[in-house]
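In: fold the following, please.
(chains A and B)
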Amino acid sequence: MDIVSVTGLVKRYDDLLALDHFNLNIPQGEIFGLLGPNGSGKTTTINCILSLLTYDRGSISLFGEPMSPTRYDLKRRIGVVPQQVAVFNELTVRENIDYFCSLYVSDRARRRMLVDEAIEFVGLEEFARFRPKKLSGGLLRRLNIACGIAHKPELIFFDEPTVAVDPQSRNAILSGITRLRDEGATVVYTSHYMEEIEQICDRVMIMDHGVSLVQGTCDELKRSIKMGERIVVELEAELPDRDLERLRALPHVLAVDVEGDLLSVTCEPSEHNLTDVIAALRAANARLGRITCAPPTLNDVFLEITGRELRD
Amino acid sequence: MWTTFKITVKTALRTPSVVIWTLLFPIVLATVFNFMFESLRAKDSIDPVPVAVVDDGAWDDSPFSEVIDELVEGDEPLFDVQTAKTEDAARELLLSGAVDGVYMADEAGDPHLLLAPENSSVHTAGDNATYEVNRSIIEVVASSYLQNRALIDRIAAENPLLFTDPEAIEQALTQNVEVNEISLTHSQPDQTVRYYYALLGMASMFAAQVAEGMVCRLQPTTSDLGARRSISGTSRVRLLLSTLAACWLVSTAFLGIALLYICTTGNIDFAGREPICLLGITAASLFSTCLGALIGALPIKGGADARSGILTMLTCLLAVFAGLYGQPTMELADSIAQACPAAMWINPVSLIRDVFYSIYYYDAFEPFALRALMCIALAAVAFAASAVFFRRQSYEHL
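Out: Next up, the predicted model:
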């Protein structure tokens, strides 16, 4: 059974079509990544699913049942970690987590246990009596997460939870999300950091202008494009145009770009791409520096589909 | 619901602006009023009148000196007497302003009176009103003595047998003029209390800020917290009700403290009707809470700050028409009340002011009950409107 099922969703903001017959299905127990540039419709999708936004057309089901603003029974099974840190500055860390947990769990004894677990989960034990103003950006994000997951929801939405977070806190957050999945939760994760998506998501949907461009596992997405690898060579001297043309004429080469002293050669999947490129450069008497060879990224997937960079 | 109620109370108590404007501001302003009205209240009790007597042989032999001696004795002496050896010395005391009049006696024992001349500095310096009162007292004492003396002389000439009946003589000498202070109102009337009641009305409006801020935190359109709470597993109506209940409690407590402060430091005596005052506070804070909820739920752009600005502006403006800012605005409020009595029932500051006014001035409870009921009715209207706005708002942001 799909935990989240969205069919033909249309959402307009006046003249702007934010979601255009959007479809989404997320099975239980996976981390599903929504990847797209700012304004692509990720947050709008989540807000529609949560009934925070009305929509013009389509249907949304959660846990196999239609979702509506008054389906508090369904809402109680959901956790949300919003993009903005949304906590009470006047309350301590523990009081904040306890309050947001109380919106889902009324039993005080059970809540005390859940709050303790949430504090431990995000590593805020030392800061339980602190007020949010005393916390760093990374610790605030952790508090934001604890407030969203303390009631042990079955479905959790993370909306760009690592924005403006230091690397140490980011790693802690990402490993925490993986643990939640391992404990049985279904996670919807939105970000425009493709490295994070690749790191933790079981399946990914790339969206732009309110439509789903492609979805699958990261490997499936990367295999779905023509590009197989990118070879980047550091050159000590500029390469003449005729040698660049010779490189472009090599079999399996899709594109050749020069940026400063870096030569980037994008190739189709092939076993001999690297040796072919190096042979061609040696034939051109080019003096070579460092050479790297990397498989395609999700940005390459997005670039090939849309002709734009994800971060454009 | 209980947790929302609890954290709303905690949050309000830990928000400096709430504590400053709702609790400290009325206390500070009441303290300012106390200082302002201290001198006015002091005039209610009469200080002993400073007089001089010319202590020569004639004064010692005069029966009038005994009358003055009697008036100097007791817990509340009428005169503060200074003794001068000669008339010139007494005149100097008078001209220097040390005394307001001089008594002396002639050889026949009859009293004579010296008062400061009209062009004297005594008339212009200091508190002229006090001088005029003192001067009247000095004159009345002397003239009363002379009248009694004339009466006794006439009895002696026309009906000397009456002296065998001391009671008749005493009755004849007693001026059957009895002045009783009676109050037409439940409490001792005091002009200054109006300012304190207008202040309570204004404080109630400031208390509306508590509810306004808290309702903003419930709405997805005005705060991230509102968005987060809107998608939680608790219904928005329950969140709204428990939040408003907490705001009502905080407002009632803060206004109750302000009232207690005013009653104790401003010496406003409700003559045993303090429990009714608490009822008034409860009704007033209910009204202000619902009004704050209405402003907080208004479907306007600009977030919580814009709504707070509207409420502050409204509070200050309505306080003008309730007469908070001194005599001119008090006269304006009176004029409006005469021209359009309904305005006093619609203006929240005036209405809340009049709730306390009716406790203070009326013997009957009906005027208070009517105004308290009006507060509750307006609260119900404000709550209904806020609930409609609250429900209709959706989170329409990209």
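
In: got the residues of the stretch 1-150 of chain B near chain A?
Out: Within the stretch 1-150 of chain B, the residues that sit near chain A (C-beta under 8 Å from any C-beta of the partner chain) are B:3-4, B:7, B:10-11, B:14-15. From N, CA and C alone the C-beta is placed, and that goes for glycine too.

In: now list the buried members of those residues.
Out: For these, a burial check counting by 16 or more other C-beta atoms under 10 Å in any protein chain shown picks out B:3-4, B:7, B:10-11, B:15.

In: and A:Y72, how many neighbours does it have?
Out: 16 (other C-beta atoms under 10 Å in any protein chain shown).

In: excluding chain neighbours, what is closest to it?
Out: B:G233 (5.3 Å; C-beta to C-beta, 6 or more residues apart in numbering or on different chains).

In: which residues touch the residue nearest to the spatial centre of chain B?
Out: A centroid search over chain B (C-alpha atoms, centre = their mean) returns B:V193, at 1.8 Å, as the residue closest to the centre. Taking C-beta atoms under 8 Å, 6 or more residues apart in numbering or on different chains, we find B:V193 in contact with B:266, B:268, B:357, B:360.

In: so how far is B:I257 from it?
Out: Relative to B:I257, B:V193 is positioned 18 Å away (criterion: C-beta to C-beta, to the nearest Å).

In: who in chain A is up against chain B?
Out: Contact residues, chain A versus chain B (C-beta under 8 Å from any C-beta): A:13, A:16, A:18, A:39, A:43-44, A:47, A:50-54, A:70, A:72, A:75-76, A:78, A:80, A:82, A:84-88, A:90-91, A:95, A:98-100, A:102-104, A:147, A:151.

In: and the pLDDT at B:A384?
Out: Note on B:A384: pLDDT of 91.

In: meant to ask about B:L398
Out: The per-residue pLDDT reported for B:L398 equals 39.

In: cool, B:A125 as well?
Out: With respect to pLDDT, B:A125 has a value of 53.

In: and the helices in the stretch 51-200 of chain B?
Out: Secondary structure of the stretch 51-200 of chain B (DSSP state H, counting those that start in this stretch): helices at B:57-61, B:63-72, B:87-96, B:121-124, B:128-158, B:166-173, B:193-216.

In: what pLDDT is listed against the residue nearest to the centre of chain B?
Out: B:V193 is given a pLDDT of 73.

In: same check, this time on B:A245
Out: Looking at B:A245, the pLDDT reads 94.

In: farthest-separated two in the contacts of B:V193?
Out: Comparing every pair within these by C-beta to C-beta identifies B:G266 and B:Y357 as the most remote, at 14.6 Å.

In: okay, now A:A294: neighbour count?
Out: A:A294 has 10 neighbours, counted by other C-beta under 10 Å.

In: and it, what are its bridge partners?
Out: Residues in a beta bridge with A:A294, per DSSP bridges, are A:R230.

In: check what pLDDT it gets.
Out: 89.

In: go on, B:T289?
Out: So B:T289 comes in at 92 (pLDDT).

In: same deal with A:H21?
Out: pLDDT recorded at A:H21 is 92.

In: what's the answer for the one 4 residues further on, then?
Out: Reading off the per-residue confidence, A:N25 sits at a pLDDT of 92.

In: quick one: contacts for residue 236?
Out: Picking chain A for this. A:E236 neighbours (C-beta under 8 Å, 6+ apart): A:261, A:287-289.

In: sorry, should have said chain B
Out: Applying C-beta under 8 Å, 6+ apart, we find B:R236 in contact with B:218, B:229-230, B:390-391.

In: those residues in strands, which ones?
Out: Using DSSP state E, no member of those falls within strands.

In: can I get those in TSV with neighbour count, distance to B:N34 and pLDDT?
Out: TSV is the format used below for the contacts of B:R236 (neighbours: other C-beta atoms under 10 Å in any protein chain shown; distance: C-beta to C-beta, whole Å; pLDDT from 0 to 100):
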residue	neighbour count	distance to B:N34	pLDDT
B:L218	24	39	87
B:R229	22	43	87
B:S230	22	46	82
B:F390	21	41	79
B:R391	13	46	75
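
In: and the residue nearest the centre of chain A, what pLDDT?
Out: With distances taken as C-alpha atoms, centre = their mean, A:S191 lies nearest the centre of chain A, 3.5 Å away. For A:S191, the pLDDT comes out at 81.

In: that one is in contact with A:I197, isn't it?
Out: Yes: applying C-beta atoms under 8 Å, one finds A:S191 in contact with A:I197, separated by 5.8 Å.

In: shared neighbours, the two?
Out: Shared contacts of A:S191 and A:I197, defined by C-beta under 8 Å, 6+ apart, comprise A:33, A:35.

In: any figure for the gap between the residue of chain B most remote from its centre and chain A?
Out: Here chain B reaches farthest from its C-alpha mean at B:L161, the gap being 56.9 Å by C-alpha atoms, centre = their mean. Going from B:L161 to chain A by C-beta to the nearest C-beta, to the nearest Å gives 91 Å.

In: B:V215 too?
Out: Distance, B:V215 to chain A, by C-beta to the nearest C-beta: 15 Å.

In: run a quick neighbour tally on that residue.
Out: Residues contacting B:V215 under the criterion other C-beta under 10 Å number 29.

In: report pLDDT for it.
Out: Turning to B:V215, the model gives it a pLDDT of 89.

In: all set, thanks.
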